[in-house]
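Asks: What follows is a predicted protein model with its sequence.
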Amino acid sequence: MSENKKYAEVNNIERKSSEEHTVEDTQSKTERKKTENTQNMTEGSPAGLIFRFAIPVMLGNMFQQVYIMTDTAIVGRAIGMDALAALGSVDWYNYMVLSVIQALTQGFGIRIAQEFGAERSEELKKAHAHSIVLSAAAMVLLLLFTQTTLPLMLTLLRVPAEIRPMSSMYMRVLFAGIPAQMLFNYCATALRSLGNSRSPLHAMLAASGLNIVLDLLFVLVFHMGVGGAAFATILSQLVSGIWVLVAMRRISYLAVEKRHYDKVPGLNMSLLRLSTPMVMQNALISAGGMVVTAVINGLGVIFLAGYSATTKWYCVLEMAAIAYSYAVVTYMGQNYGAGKVERIHSGYRASLLIAGVTSVIIGAFMFIFARPLTGMLMSGDPARVEAALKIAVHYMHIAAGCLPLLYLLYVTRATLQGIGDTVMTMISGIAELIVRLFMSLMAIRWMGGDAVLWGEVFAWIGADFVLCGALFKHFRSPELSLDNSGARSSR
């Protein structure tokens, strides 16, 4: 009896000790996440988590848009409408390069978010280390590609001869800043994957303020033209990249050692399997946009200037959508890694509601104030300005009125990416490409310039059909069905 009593006492001591260690470990993890500004999105209200995460991203996008619009306004008013057209003539090519960088790094971030949700810190660090190497390699390839193929791209885009020198100068300088773009995008993605959307916000605030000051200095004071505007942009990007790098190095989850760079069978391929379809998706979307640009460039400088004025404000239209997509990817990635199926479903419903309300508010504002907003970017001969302004307002009304379709696209695509299905998001990019090609090459014969303007909305609709169908199929699969939510354990 005494032996049994002693045995029971020993068991009680061991159990209490184990419970105390568990509590200490949990408290340590909680304190570390709080100190390092990381956020576990596998617990708590989905709507609250997604909205709170998105707000800093949205603010960052807003301030980024402020400096983009300042840059455009300074160029358009200080140099002239031809300079505005020069920037607009290569918008889609610039977007293609930037979107490839964003897609590549976001694909890596999905794996990091999933490992964070599953609480596998060693696997997270290995994924982080290998992502750094892959990002550096991609940076070098992009830098070489863009600088060597620029003359060919300007020809394919049919950039008008009178503005081609300005377009070439702008892009040469801008593409020289690809290392700064890669630095910011990877570090910001890694931070957001751990639920930290504040540090990228701070970096973008600093970059926005600096860009405005440098724009005024280089363009208005030093008279460096569009090259000066581009130089101001890459210096600002470098500052934001260094900012998020410093923030990233303070987070223990991302503190890697030499051993984390050692070869891990299948890891690089796994990372590329997530990123490559997303890169292809954005490249295809951009390819369609470049075809549209080539068509628009052939419609003359006035149509191009009007189109460009609206596309510069286009970032405001999709500003919140981008923020929600970052939040949704992180939320879905962490919960997928943790095996929490119900939270994936509820998170998608919450995201649709938040995004839908936001799109209606932003769309209404941009619809009502389309004329003054686009008009502030133009100067020159009143007749030419009025003709361009008519095109700009018409395009703004089309885009703003159909904005909920774009927000549906962003939320659904981010959900698929977060659960690791980047192939269907690539197929949605193919759908967008097909629609844009049809509208700009075929429908333009009977619709004129309206085919190009409506082509953007029809491209959203095509992508929505693909993405919603794919997600519905996932939600009915054994892995993510609510009826079998217990069947999936943490990976």
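Replies: Now that the structure is in, tell me what you want to look at.
Asks: K390 against Y307, yeah?
Replies: No: at 11.6 Å, K390 does not count as touching Y307 under the criterion of Cβ atoms under 8 Å. Using the backbone N, CA and C atoms, a C-beta is placed for each residue, glycine as well.
Asks: between the two, who's got more neighbours?
Replies: Y307 (26 against 14; other Cβ atoms under 10 Å).
Asks: nearest residue to the more buried one other than its sequence neighbours?
Replies: I296 (5.4 Å; Cβ to Cβ, 6 or more residues apart in numbering).
Asks: can you tell me the helix or strand for the one you found?
Replies: helix 267-297 (DSSP states H and E).
Asks: same check, this time on M332
Replies: helix 301-338.
Asks: quick one: the helix or strand following that helix to helix 301-338, angle?
Replies: Sequence-wise, the next helix or strand downstream of helix 301-338 (DSSP H and E) is helix 341-368. Interaxial angle, helix 341-368 versus helix 301-338 (axes from the mean of the first three to the mean of the last three Cα atoms, to 10 degrees): 160 degrees.
Asks: Please name every helix or strand in contact with the helix or strand just after helix 341-368.
Replies: Using DSSP H and E, the helix or strand that directly follows helix 341-368 along the chain is helix 370-375. With contacts taken as 3 or more Cβ pairs under 8 Å, 6 or more residues apart in numbering; DSSP states H and E, helix 370-375 sits against helix 301-338, helix 382-401.
Asks: distance between helix 370-375 and the chain's centre?
Replies: Centroid separation for helix 370-375 versus its chain: 26 Å, with Cα atoms, centre = their mean, to the nearest Å.
Asks: residues making contact with that helix?
Replies: G306, A309, T310, W313, M366, V385, L389, A392, V393, M396, H397, A400 (Cβ atoms under 8 Å, 6 or more residues apart in numbering).
Asks: list the contacts for M182?
Replies: The neighbourhood of M182, defined by Cβ under 8 Å, 6+ apart, consists of I101, T105, S135, A136, A138, M139, L142.
Asks: Now list the buried members of these.
Replies: Using 16 or more other Cβ atoms under 10 Å as the burial test, those include I101, T105, S135, A138, M139, L142 as buried.
Asks: Of all pairs in those residues, which one is the farthest apart?
Replies: Greatest spacing in these, by Cβ to Cβ: T105 and L142 (12.1 Å).
Asks: just to revisit the earlier point, what angle do helix 267-297 and the helix holding M332 make with each other?
Replies: Using the same axes, to 10 degrees: helix 301-338 against helix 267-297 is 160 degrees.
Asks: wait, isn't I112 in contact with A127?
Replies: Yes: look at I112 against A127 with Cβ under 8 Å: they come within range, at 5.6 Å.
Asks: tell me the mean pLDDT over stretch 319-331?
Replies: Mean per-residue pLDDT for stretch 319-331: 90.
Asks: Stretch 435-455 too?
Replies: Stretch 435-455 shows an average pLDDT of 84 in the prediction.
Asks: ends of it, how far apart?
Replies: By Cα to Cα, to the nearest Å, the extent of stretch 435-455 from end to end equals 7 Å.
Asks: List just the nearest of the contacts of M182 to L480.
Replies: Nearest member of these to L480, counting by Cβ to Cβ, is T105, at 25.6 Å.
Asks: Could I get the pLDDT score of the closest one?
Replies: If you check T105, the pLDDT there is 94.
Asks: Quick check, it in contact with L191.
Replies: No: counting by Cβ under 8 Å, T105 does not reach L191; the two are 11.2 Å apart.
Asks: residues in contact with L433?
Replies: By Cβ under 8 Å, 6+ apart, the contact set of L433 is L284, I285, A287, G288.
Asks: how much space between it and T412?
Replies: 18 Å (Cβ to Cβ, to the nearest Å).
Asks: again with T149
Replies: Taking Cβ to Cβ, one finds T149 at 33 Å from T412.
Asks: Looking at these two, which has the bigger crowd around it?
Replies: T412 (28 against 12).
Asks: and after the helix or strand hosting the more buried one, which helix or strand comes next?
Replies: For T412, the host element (DSSP H and E) is helix 403-418. Following helix 403-418 in sequence order, the next helix or strand is helix 423-438 (DSSP H and E).
Asks: Tally up the residues packed near L441, please.
Replies: So L441, with other Cβ under 10 Å, has 15 neighbours.
Asks: Look up how far G356 lies from the nearest residue to V457 once chain neighbours are set aside.
Replies: Leaving aside its sequence neighbours, V457 sits nearest to C402 (Cβ to Cβ, 6+ apart; 4.5 Å). Counting by Cβ to Cβ, the gap from C402 to G356 is 13 Å.
Asks: returning to what we had before: can you give me the buried ones in the helix holding M332?
Replies: For helix 301-338, by 16+ other Cβ under 10 Å, it's 301-314, 316-338.
Asks: in the stretch 251-400 of the chain, which segments are predicted with low confidence?
Replies: 379 (pLDDT under 70).
Asks: next one: the stretch 1-150 of the chain
Replies: The stretch 1-150 of the chain contains residues with pLDDT under 70 at 1-37, 65-72, 76-81, 84.
Asks: Can you show me the helices along it?
Replies: With DSSP state H, counting those that start in this stretch, the ranges of helices along the stretch 1-150 of the chain come out as 2-35, 46-78, 81-89, 91-117, 121-156.
Asks: Keeping just the C-alphas, turn stretch 263-271 into CSV.
Replies: What follows is stretch 263-271, C-alpha atoms only, in CSV (Å, rounded to 0.1, in the frame of the first residue of the first chain):
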residue,chain,number,x,y,z
LYS,A,263,20.5,20.9,-49.0
VAL,A,264,17.1,19.5,-48.0
PRO,A,265,15.8,16.9,-50.6
GLY,A,266,12.7,18.3,-52.3
LEU,A,267,12.5,21.6,-50.4
ASN,A,268,13.5,23.9,-53.3
MET,A,269,11.2,22.1,-55.7
SER,A,270,8.4,22.4,-53.1
LEU,A,271,8.9,26.1,-52.8
